[in-house]
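> This is a predicted model, with the sequence first.
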Amino acid sequence: MAALGTEEAARAWEDTLRKMLPPGAPLPDEEHIDYSIAMEYEGPPVPYDVPKVNPLDLPSIRPAVRPSSSVGVSGGTRSHTEREEDEEDESDGGDALPRDPSSPQPPPGRRAAVVTFNTAEEGSDSDQSYSEGNRSDSSSVDPAAAGVSHQIFAARERRRGVCSRCGKGNVFRDTEACFVCDARYCGNCVLKAMGSMPEGRKCVGCIGRPIEESKRPMLGKCSRMLCRVCSPLEIRQIMKAERECPANQLRPEQLVVNGRPLRQEELDEILGCPLPPQKLKPGRYWYDKDSGLWGKEGGKPDRIITSKLNVGGKLRADASNGNTMVFINGREITKLELRVLKLAKVQCPRETHFWVYDDGTYEEEGQNNIKGKIWGKASTRLICSLFSLPTPPLNLPGSGDEASAFSNRSVSEYPQQRRVQKLLLLGLEGSGTSTVIKQAKILYGNRFSPEELQDIKLMIQSNMYKYLSMLLEGRERFEEEYLVEKRNQVLHTEESGEVENGAEESKQCIYSINQRLKHFSDWLLEIMAMGDLDAFFPAATREYAPVVDEVWKDPSIQETYKRRDELHFLPDAASYFLDRAIEISSNEYEPTEKDILYAEGVTQSNGLSFIEFTLDDRSPMSEPFSENFDCPPPPTNYQLIRVNSKGLSEGCKWLEMFEDVRAVVFCVSLSDYDQMWAQGPGPLRNKMIASRELFESVVRHPCFRETPFLILLNKYDAFEEKINRVPLTVCEWFSDFSPVKPHNSNQSLANQAYYYMAMKFKDLYASITNQKLFVWQMKARERINVDEAFKYIREVLKWDDEKDINVYGMGDDSFYSTDVSSSPYIRQE
Ligand SMILES: Nc1nc2c(ncn2[C@@H]2O[C@H](COP(=O)(O)OP(=O)(O)OP(=O)(O)O)[C@@H](O)[C@H]2O)c(=O)[nH]1
Ligand SMILES: [Mg+2]
């Protein structure tokens, strides 16, 4: 420290001080000024190390500049006190010192030389000024490089929930992150650190810099914190600026199309065309100019955009990494595309070269003969939709006025595409998957059409004969077992010399039926064995209805039904339908919703069934958004795709076609733990073990490495009833289950067993993936229960989205964790 004696020196000192203060600020009087200045030491050498700093180069310091009004949000309604706070903050030289973006940057290296002596409390600010110093260095080398902010991301020590400005907070505190450097600010500091946000959520020091690419999906999407600290008008302006300001737009060189980085005019052409690629991110893409097909380099087509755009290089044969020897416009197509073409009945042997035009018409190369329209049929469009292949929009904007009206719009004006979440529903035979899909149709979909109802009616009628034949077969077996045992007893008594009973009596038992019914039984079992049942329908239905009713009510069949656990293929629903055999067989019969739900086989077509529906996205989690911000999220469409167990058994070949599903929903029947089951002609096994093995093979499938899994533990009603009769330990997987006696616990045995089974599946899943499995208890026959299950699935997907995007600047260690038990909105396990 030094004091200069002469007047000249005092004036120089005042000049220096003035430069350090905001323009126009009065010079403080010396008694009120508290300063410390480092001077270069010029004395004799000392025997110890002196800490060195570069002296301040005062002439090069630019005076502080107020933010220009053009950068601010006009018409903002922030309060007077907030403004005053901002001003105080700016004048004390905090890290949020506003900078006129139009004025030249300080010379590289200068800012890092500013010396501050921090107290322990200010530690986080020093981090900030250090990293800002680094940022100005790197941006002055290559201000456009997106990689710069990325490096900062990696280098920055992320302290979740801790404010980068005041250093306060913890993981549970909401923070708002800068889209460039990811610095996080608490509600008290966000406006001071980000100012009027002329480019959206960026620290003042980051204005003008490109955003971190992982934040791109969040551009223009308001957060809860912003809703709290800004007025709706301000939010609208900030979000608009965030979406539309030039600094936040993609740069042409970030997009490589057919091997060549784009030029600005090419990017403009892509973004301004009638059908641009939605949500474009930096990356490498391929583009087929003739058909408009567009995809990521090395991948299947993602979408169809406007054709004949003059962008990028020449399409290469290996653009999508296909290995099918079938080519479309010179590109070797992928296996998935080939499968879909085959399902759409397009002849495509190896070495076929197609030309496909943007209206979907196609011809074989050199044949000059249009063979059809690929996307013409509704069924093909459906297949494409299921397998996530693009189809052109039905009302493609044509030429003339309509097209030009489209291209004149700014990118942000295009209506947001509805999000589609694909859910793959799997499970072993009888686990309840088709009940779930039928419930979804009744809950959220269209009503069943008259044609569908007619098919379901025939299905129910034919099922009734199937169930009866299972019972008759079981009856024969039980009768035979009984008689053999009886005979052995007789032999035993004969040997011991006791009196012989009548021979006739020994051939009768509780499982025996009269001669007339025996004839019917033989006839039906023969037809079933030959697989000829359909040949007798619908004619046989009405004719035999009284006999069916008589057989079902016969004591022998009722005794057989009591041992239904031993009839492994008889579904629970058998008695529901057989009790009403006469009604169901009549011409006038119309299946009720409950009948449809209980009926087997309604959804089996091609091993695959599918329903699309919309769920209201508003949930307790998202309400604060809609209150303050008048841009509600677009409704989400769900596609529920069910592959039945037959489709799965064929080497899981269907699965690879569903690589991009949002989640796998696996259904397990809780009451299967004592059931035996066989895969086709294979050996009988415990059905729960078979279910576990199927689950394991799906979890290990390479397609689902990144896909969240949910498990629906279904048939809790049947399970509750069974668990008191049959111990859980009959299934070897559950051999270590030891319940606490019900009178020592307020949990029922069924509840304890349920938790235990859920844990078994969770442990298994974690051992394979190291991830958490989401579990839901279900009674699929109860509609409200299935509705809750879908709402649970919706919440899980939201958490998963937010975990990835980290919307609120909270870490994966936040309360958005994947732990089911942490949500107040779902049933606690
Ligand atoms: N008790 C009870 N029965 C159920 C429940 N869910 C489904 N079921 C019945 O279980 C049987 C099989 O259910 P499905 O939905 O057809 O099972 P799936 O997975 O489609 O099996 P497949 O059609 O054989 O491939 C049907 O009779 C359903 O009515 C439930 O929660 N409780
Ligand atoms: Mg079924």
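Perfect, I can see it now. Numbering: from 1, shown residues only. Ligands and ions are numbered 1, 2, ... in the order given.
> Kindly report the residues of the stretch 701-829 of the chain close to ligand 1.
Counting by Cβ under 6 Å from any ligand atom, the positions of the stretch 701-829 of the chain adjacent to ligand 1 are 714-715, 717-718, 779-781. Where you see a C-beta, it was placed from the backbone N, CA and C, and this is true even at glycine.
> right, and the pair among those with maximum separation?
718 and 780 (10.5 Å; Cβ to Cβ).
> what's near enough to touch the nearest residue to residue 554 once chain neighbours are set aside?
With Cβ to Cβ, 6 or more residues apart in numbering as the criterion, residue 554 has its nearest non-adjacent residue at 6.0 Å, and that residue is residue 513. Shown in contact with residue 513 (Cβ atoms under 8 Å, 6 or more residues apart in numbering): 475, 521, 551, 554, 556-557.
> looking at those, which has the most residues close by?
For these, the largest number of neighbours (other Cβ atoms under 10 Å) sits with residue 475, at 25 neighbours.
> you'd agree it is up against residue 517?
No - using Cβ atoms under 8 Å, residue 475 is not in contact with residue 517, being 9.9 Å away.
> Just put the residues of the stretch 701-829 of the chain next to ligand 1 in TSV and tack on pLDDT.
Converted to TSV, these look like this (pLDDT from 0 to 100):
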residue	pLDDT
714	97
715	96
717	95
718	93
779	96
780	96
781	94
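> Can you lay out these as JSON lines showing neighbour count and secondary structure?
Formatted as JSON lines, these follow (neighbours: other Cβ atoms under 10 Å; DSSP: H, G, I helix; E, B strand; the rest coil):
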{"residue": "714", "neighbour count": "30", "secondary structure": "strand"}
{"residue": "715", "neighbour count": "25", "secondary structure": "coil"}
{"residue": "717", "neighbour count": "18", "secondary structure": "helix"}
{"residue": "718", "neighbour count": "16", "secondary structure": "helix"}
{"residue": "779", "neighbour count": "20", "secondary structure": "coil"}
{"residue": "780", "neighbour count": "25", "secondary structure": "coil"}
{"residue": "781", "neighbour count": "19", "secondary structure": "coil"}
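> Just the closest of the residues you listed to residue 566, please.
Distance to residue 566 across these (Cβ to Cβ) is lowest for residue 718, with 16.2 Å.
> doesn't residue 674 make contact with that closest one?
No - Residue 718 lies out of contact with residue 674 (Cβ under 8 Å); the separation is 11.2 Å.
> Mind listing the shared neighbours of these two?
If you check residue 718 and residue 674 against Cβ under 8 Å, 6+ apart, no residue is contacted by both.
> quick one: residue 286 is in a strand?
Yes - looking at residue 286 with DSSP: H, G, I helix; E, B strand; the rest coil, it is inside a strand.
> Determine the number of other residues adjacent to it.
Around residue 286 there are 26 residues (other Cβ under 10 Å).
> so who does it touch?
Neighbours of residue 286 in contact, by Cβ under 8 Å, 6+ apart: 257-258, 294-297, 315-316, 319-320, 331.
> Dump the residues you listed to JSON lines, plus pLDDT, distance to ligand 1 and neighbour count.
Putting the contacts of residue 286 into JSON lines (pLDDT from 0 to 100; distance: Cβ to the nearest ligand atom, whole Å; neighbours: other Cβ atoms under 10 Å) gives the following:
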{"residue": "257", "pLDDT": "95", "distance to ligand 1": "45", "neighbour count": "22"}
{"residue": "258", "pLDDT": "95", "distance to ligand 1": "45", "neighbour count": "18"}
{"residue": "294", "pLDDT": "94", "distance to ligand 1": "38", "neighbour count": "25"}
{"residue": "295", "pLDDT": "94", "distance to ligand 1": "35", "neighbour count": "21"}
{"residue": "296", "pLDDT": "93", "distance to ligand 1": "35", "neighbour count": "15"}
{"residue": "297", "pLDDT": "94", "distance to ligand 1": "40", "neighbour count": "17"}
{"residue": "315", "pLDDT": "94", "distance to ligand 1": "43", "neighbour count": "21"}
{"residue": "316", "pLDDT": "94", "distance to ligand 1": "44", "neighbour count": "14"}
{"residue": "319", "pLDDT": "94", "distance to ligand 1": "40", "neighbour count": "25"}
{"residue": "320", "pLDDT": "94", "distance to ligand 1": "35", "neighbour count": "25"}
{"residue": "331", "pLDDT": "95", "distance to ligand 1": "38", "neighbour count": "24"}
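> Alright, I will stop here.
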